[in-house]
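>>> Based on what follows, work out the 3D shape:
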Amino acid sequence: MPTIRRLPETLVNRIAAGEVVERPAAALKELVENAIDAGATRIAVRIEEGGLSLLEVTDDGCGMEPDEMALALERHATSKLPDEAIEQVTTLGFRGEALPSIASVSLLTLESRPAAAAQGWRRVVDHGDLLAQAPAALPPGTRVRVEQLFARVPARRKFLRSARSEYAACLDVVRRLALARPDIAVRFEHGERRVLALQERETLAERATQLVARELKDNAVVIDGTRGDLRLTGIAGLPTYNRGVADHQYLFVNGRPVKDRLLVGAVRGAYADMLARDRHAVLALFLELPAAEVDVNVHPAKTEVRFRDAQAVRGFIVSALRAALATGDRRSAQRPDMVAMGRWQRERLDAIPASEASRLGEPEGLSVREQSSAFAFAPEGRAEAAIPVASEAARYPLGIARGQVANTYIVAEAADGLVLVDQHAAHERLVLERLRAAGAEAAVTRAQALLIPDVVELDEAACDRLEGAADKLAALGLVVERFGPSAMLVRSLPHALGRADPAKLLRDIADDLAANGDALLLGEKLDLVLATMACHGSVRAGRALSVTEMNALLREMEATPRSGQCNHGRPTWVKLAMSDVEKLFGRH
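Numbers count the residues shown, from 1 in each chain. Reported below is the predicted structural model:
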């Protein structure tokens with residue numbers, strides 16, 4: 001039999017490094033977190049070749065004495081846990097693994113100087129072996145230089161991606177940590193290029209517009225909600241301002257950047273009836289709660305957390321997000337599409353139908369064929385004498401209806417611009433909100449008993465999850481019970497989902513319970529049912545409306561929650577400022 005033996009310390013450190021430092025971005029994350037924990041007000045980051053050849057982090061934090069530097073390079077030595085109450089940890093780091101793990105797989109130079117010290121100290125460690133130590137000249141703070149990462153671990157090195165991909169991962173790390181602390185100045189350089197230069201003491205909104213998306217400034221709402229010991233702050237994009245991937249969702253728990261499935265599921269639930277399923281919100285959310293209510297010691301990378309009361313946290317996030325969006329829910333992503341605007345500005349003034357060309361002659365530079373293609377569809381528009389409007393009409397955000405284009409778009413004049421409204425998309429949202437206000441959801445979730453209960457075979461873990469959520473599912477109209485170790489018995493379905501496949505429905509819900517811890521998917525299905533009902537009950541595109549009907553629609557939009565976007569996340573109205581209209585005609 002093989003003999004049990006103790007592994008060498010160098011091998012132990014390399015094994016630990018495999019969990020903590022799987023790529024340059026992971027090492028950079030640990031170093032920047034150390035700088036933040038040291039109380040830095042300015043952090044400078046420099047990398048080369050995506051971090052493959054160099055990572056350097058310099059801060060103006062508290063610094064370390066020489067003996068503390070030696071201890072910091074030992075495993076499980078840290079200054080961030082003054083006692084053994086790990087559940088009360090408030091710093092980003094606490095495990096005492098990062099520096100020794102990085103030093104075991106790279107050439108690491110650690111320089112530090114406390115503010116009260118006359119000079120600093122340098123320690124150089126080459127893949128776990130102390131190479132040199134000596135005094136060093138540097139300002140108060142700490143500088144860590146990492147070179148030759150994984151040079152002696154070829155198995156790890158060959159799994160790294162290209163320098164471009166590793167650079168993108170490093171940039172994402174710096175963005176998230178810089179967003180977590182807008183009070184800290186952050187500089188990030190890649191080779192000779194300065195990528196970020198963020199000033200200290202910025203507001204969250206200022207930092208978010210620089211790091212997440214500049215358009216957030218005009219297309220977002222501020223979040224600040226509390227419930228008991230829970231608080232949610234941040235900035236959330238309007239539903240009409242969205243992306244095809246979820247790479248612009250920044251989530252923080254007690255100031256720690258995390259990638260948590262429960263939080264992602266809560267965001268999806270909050271935007272459930274305002275976004276298409278293949279679109280994702282843009283936001284930065286900061287959740288604060290007592291340290292004892294969240295476990296951050298789940299994984300060495302510290303990007304995963306576990307909540308003591310996950311359902312309460314998820315419910316609070318959904319309600320706080322919805323409440324914040326309700327303050328700006330009548331707004332739409334306001335900037336017109338630049339490509340469309342460019343086409344409008346480049347429209348030829350001499351483009352006329354081919355039928356008119358023979359009478360007027362061909363305009364210079366435009367053939368009859370080009371003229372004909374320019375008017376493949378006859379323009380449609382209709383205006384009629386508007387009824388007298390009240391003197392307070394100037395206060396109407398969506399203005400007064402002036403006509404209808406293509407029997408689809410309402411043209412309105414507001415005090416500050418020209419408003420175009422998609423009548424079908426707008427009325428679709430209005431009908432959905434009416435259904436909700438009338439308690440339609442309760443009718444939709446009414447149970448429809450099956451004549452013959454359906455037996456659905458699933459794996460035992462999925463059955464356990466469904467059985468644990470049976471009461472909540474029953475409240476939604478889905479009545480299930482355990483039928484042996486690996487099967488569930490479906491006795492009734494929600495009335496609106498009466499034609500659904502019970503087996504597929506249960507599998508989807510079981511998968512969603514595993515991912516998010518709640519029957520979110522069923523709720524989304526019911527939202528889709530309501531949205532479908534609203535779509536069929538709304539004013540169709542192509543229907544002529546009277547001015548009175550147009551104005552009634554505009555007034556109801558101004559008073560209805562979430563009227564800035566339809567049930568699929570598309571804008572219901574856009575506004576062209578009068579200054580832009582004047583530019584189109586060369587007045588400014």
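>>> rest of the way, CA atoms for contacts and neighbours
Will do.
>>> Bridged to the closest residue to Asp454 other than its chain neighbours, which residues?
Sequence neighbours aside, Val490 is the residue nearest to Asp454 in space, at 5.1 Å (criterion: C-alpha to C-alpha, 6 or more residues apart in numbering). Beta-bridge partners recorded for Val490 (DSSP bridges): Asp454, Val480.
>>> Which residues are in contact with Val490?
450, 453-456, 478-481, 502 (C-alpha atoms under 8 Å, 6 or more residues apart in numbering).
>>> was I right about Arg429 contacting Ser563?
Yes - using C-alpha atoms under 8 Å, Arg429 makes contact with Ser563 at a distance of 6.0 Å.
>>> and the residue positioned nearest the centre of the chain, what are its bridge partners?
In the chain, the residue lying closest to the centroid (C-alpha atoms, centre = their mean) is Gln249, at 1.9 Å. Listed by DSSP bridges, the beta-bridge partners for Gln249 are Leu283.
>>> Contacts only, for it.
Residues in contact with Gln249, defined by C-alpha under 8 Å, 6+ apart, are 281-284.
>>> how near is it to Asp273?
Separation of Gln249 from Asp273 (C-alpha to C-alpha, to the nearest Å): 18 Å.
>>> Over to Ala291?
Distance from Ala291 to Asp273, by C-alpha to C-alpha: 33 Å.
>>> Those two - which one has more neighbours?
Asp273 (25 against 16; other C-alpha atoms under 10 Å).
>>> phi, psi of Glu556?
Taking degrees, to the nearest 10, you get phi -70, psi -40 for the backbone angles of Glu556.
>>> and what of Val421?
When quoted as degrees, to the nearest 10, the phi and psi of Val421 stand at phi -120, psi 130.
>>> If it is in a bridge, with which residues?
Ile410, Trp573.
>>> what's near enough to touch it?
409-412, 572-574.
>>> most surrounded residue in these?
Thr572 (28 neighbours).
>>> Please report how far that residue lies from Leu418.
Taking C-alpha to C-alpha, one finds Thr572 at 14 Å from Leu418.
>>> Count the neighbours of Thr548 for me.
Residue neighbour count, defined by other C-alpha under 10 Å, stands at 12 for Thr548.
>>> Can you verify it is assigned to a helix?
Yes - assessed with DSSP: H, G, I helix; E, B strand; the rest coil, Thr548 lies in a helix.
>>> check contacts around the closest residue in space to Glu556 that isn't next to it in sequence.
Leaving aside its sequence neighbours, Glu556 sits nearest to Leu430 (C-alpha to C-alpha, 6+ apart; 7.6 Å). For Leu430, the contact set (C-alpha under 8 Å, 6+ apart) comprises 556-557, 560, 563.
>>> Show the buried residues in those.
557, 560, 563 (16 or more other C-alpha atoms under 10 Å).
>>> For Leu285, which three-state class applies?
Assigned with three-state DSSP, Leu285 falls in the strand class.
>>> I meant to write Arg156 there.
Here Arg156 is helix, with the state taken from three-state DSSP.
>>> My guess is it contacts Phe150. True?
Yes - counting by C-alpha under 8 Å, Arg156 touches Phe150, with 6.5 Å between them.
>>> what about the helices in the stretch 1-150 of the chain?
With helices called from DSSP state H, counting those that start in this stretch, the stretch 1-150 of the chain shows them at 9-20, 24-37, 66-72, 98-103.
>>> Pipe the contacts of Leu430 into JSON lines and attach distance to Leu99 and secondary structure per row.
Output for these, formatted as JSON lines (distance: C-alpha to C-alpha, whole Å; DSSP: H, G, I helix; E, B strand; the rest coil):
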{"residue": "Glu556", "distance to Leu99": "60", "secondary structure": "helix"}
{"residue": "Met557", "distance to Leu99": "57", "secondary structure": "helix"}
{"residue": "Thr560", "distance to Leu99": "55", "secondary structure": "coil"}
{"residue": "Ser563", "distance to Leu99": "52", "secondary structure": "coil"}
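>>> and the residues you listed as JSON lines, adding pLDDT and distance to Asn219?
Below are the contacts of Leu430 laid out as JSON lines (pLDDT from 0 to 100; distance: C-alpha to C-alpha, whole Å):
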{"residue": "Glu556", "pLDDT": "89", "distance to Asn219": "22"}
{"residue": "Met557", "pLDDT": "88", "distance to Asn219": "18"}
{"residue": "Thr560", "pLDDT": "85", "distance to Asn219": "19"}
{"residue": "Ser563", "pLDDT": "84", "distance to Asn219": "15"}
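>>> Can you say which two of those are spatially most distant?
Farthest pair in the contacts of Leu430 (C-alpha to C-alpha) is Glu556 and Ser563. Separation: 8.9 Å.
>>> Run the chain-centre distance for stretch 398-418.
Taking C-alpha atoms, centre = their mean, to the nearest Å, one finds stretch 398-418 lying 33 Å from the centre of the chain it belongs to.
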